[in-house]
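S.K.: task: produce atomic coordinates for the following.
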Amino acid sequence: MQNRAQSEAPEQRPVQHASAAQNKVVDQAIEQLAEIAALSSSVKQAYINQLNLAGKIATAEWQLTGRSLIIAAALVVCFGTGITLFWGSILLLLGYMLFQLSGSLLITASALVVLQFVLLIWCWRSLSYVLSQAGFSKTWQQLRLLFSTQKSANKQQEDQQC
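M.R.: Sure thing, here's the model as predicted:
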């Protein structure tokens, strides 16, 4: 009886073909890693550019806000003095006419106080609108976009890991 180890033929492998196939796989892996590195570098550069752009937007908005506040303050002062004189003249004229019609000082004073109160409410709303125009809405929008994209990418990575 022959020994089983002796009866079996030695395994024949094409040494050159396996080595060439392994080299091809290694080359493909290296190419893919180089592509991934290039993509991550471009993503990093895009984030840096977006962050620089957000900084430029913040600077521009800061300058515009400063100008808007200065202009708003100057307009409030100039407009206020002109309107005060004009409004005082109107109140004086209306007061005289109301007093002539009603003959009552109480009715005349009450009507003038109500008119003054309505004017103050209108001025307050107008001032709040002008001041609402000053802000950093575009900067916040850029920063939210920058960080929300990063958060969504992190969520996608977490979802892929699970």
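
S.K.: run a quick neighbour tally on residue 121.
M.R.: By other Cβ atoms under 10 Å, the residues close to residue 121 number 10. Bear in mind the C-beta positions are built from the backbone N, C-alpha and C, glycine included.

S.K.: does residue 146 really touch residue 53, like I thought?
M.R.: No: using Cβ atoms under 8 Å, residue 146 is not in contact with residue 53; the gap is 9.3 Å.

S.K.: more neighbours, those two?
M.R.: Between residue 146 and residue 53, counting by other Cβ under 10 Å, residue 146 is the more crowded of the two (15 against 12).

S.K.: ok, that one to residue 39 distance?
M.R.: Residue 146 is 18 Å from residue 39, where distance means Cβ to Cβ, to the nearest Å.

S.K.: where does pLDDT dip in the chain?
M.R.: Where the chain drops to pLDDT under 70, the residues are 1-18, 135-136, 149-162.

S.K.: what's the longest helix in it?
M.R.: Ranked by number of residues, the top helix in the chain under DSSP state H is helix 15-102.

S.K.: what residues sit buried inside whatever helix or strand comes next after it?
M.R.: Next in sequence after helix 15-102, counting helices and strands by DSSP states H and E, comes helix 105-132. Using 16 or more other Cβ atoms under 10 Å as the test for burial, helix 105-132 gives 108, 111, 112, 130.

S.K.: OK, contacts around residue 114?
M.R.: Counting by Cβ atoms under 8 Å, 6 or more residues apart in numbering, residue 114 touches no other residue.

S.K.: check which helix or strand covers the residue most central in space within the chain.
M.R.: The chain has residue 141 as the residue nearest its centroid, 1.0 Å off, counting by Cα atoms, centre = their mean. Secondary structure from DSSP H and E places residue 141 in helix 137-161.

S.K.: distance to residue 43 added to the buried residues of helix 105-132, as CSV?
M.R.: Putting the buried residues of helix 105-132 into CSV (distance: Cβ to Cβ, whole Å) gives the following:
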residue, distance to residue 43
108, 74
111, 69
112, 67
130, 41
